[in-house]
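**Q** Whatever this is, show me its structure:
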Amino acid sequence: MVKMWLIFAFMTAALWGLYGVFLHEGQVSMGDAAYGRYKAFLFVGLAYLFTAILGPAAILILNGAEWQFTSKGVSWSFLAGLVGAIGAFSVLLAFGAGGRPAVVMSIIFAGAPIVNVIVATLSHPPAGGWGAVRWQFVAGILLAALGGCLVMLYRPSS
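**A** Below you'll find the predicted structure:
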C-alpha cells in the first residue's frame, strides 16, 4: 500500500517542477521585457496568499482546531515563509540574469535537496550517531550534486 505522504511528496515534486516553466511563461506573456517577471511574480504572490491562507484556515476551521500559536512556532514558520519567498524571487533574478528555465530549475532542484539533507541531518542527527548513515545516502547526495553540475556544464544552447 502506498503511503499518503509519498503521494503528496510526488505531487509536490510534480507541481514544483512545473513552477519555473509556468513562471517563465507568465513573465514572457506579460509582454514587458524589463519588468514582466516582476509583474508575473505579483500574481504568484496572490496565488500564495489564497493558497497559504485559505487552505490552512479551512482545514483548521473544518476540524475545530484552536487558534492559539506559540511565539517559537510563529517565528520559525515566518522564517520558513521568508526563505521560501526569497528563494522564489531568486528564481526570477536568475531568469533576469539570462538563466533558462530548464537549467535554472534543474540546478535549484538538484541543489535544494543537498542543502536540505545537510541542514536537516545536522539539526536532527541520526539515531545511532553518524556511523548509522549508510553509504547509499551519501551516494544519493553526491549524485544530486553531479546531476546539477552536468546540467550546468552541458546545458542546451539557446
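**Q** Next, work out how far apart R155 and L18 are.
**A** R155 sits 20 Å away from L18, going by CB to CB, to the nearest Å. Yep, even glycine has a C-beta here, placed from its N, CA and C like the rest.
**Q** The two: which has the busier surroundings?
**A** Using other CB atoms under 10 Å, the more surrounded residue of R155 and L18 is R155, with 15 against 11.
**Q** Need the three-state assignment for that one.
**A** Three-state call for R155 (DSSP: H, G, I helix; E, B strand; the rest coil): coil.
**Q** isn't it right up against A102?
**A** Yes. In this structure, R155 is within contact of A102 by CB atoms under 8 Å, at 7.5 Å.
**Q** Helices of this structure, start to end?
**A** 4-29, 36-49, 55-62, 71-96, 101-123, 135-153 (DSSP state H).
**Q** okay, now A94: neighbour count?
**A** 19.
**Q** Reformat the helices of the chain as TSV; add distance to G129 and mean pLDDT.
**A** Listed next are the helices of the chain as TSV, based on distance: least, CB to CB, whole Å; pLDDT from 0 to 100:
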stretch	distance to G129	mean pLDDT
helix 4-29	26	88
helix 36-49	39	93
helix 55-62	36	95
helix 71-96	26	92
helix 101-123	12	86
helix 135-153	14	87
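**Q** Not counting sequence-adjacent ones, nearest residue to I118?
**A** I141 (8.0 Å; CB to CB, 6 or more residues apart in numbering).
**Q** Return the residues in contact with the one you found.
**A** Each residue near I141 by CB atoms under 8 Å, 6 or more residues apart in numbering is listed here: 113-114, 117-118.
**Q** In space, what's closest to I107 - neighbours in sequence excluded?
**A** Nearest one to I107, counting by CB to CB, 6+ apart, is G148 at 5.1 Å.
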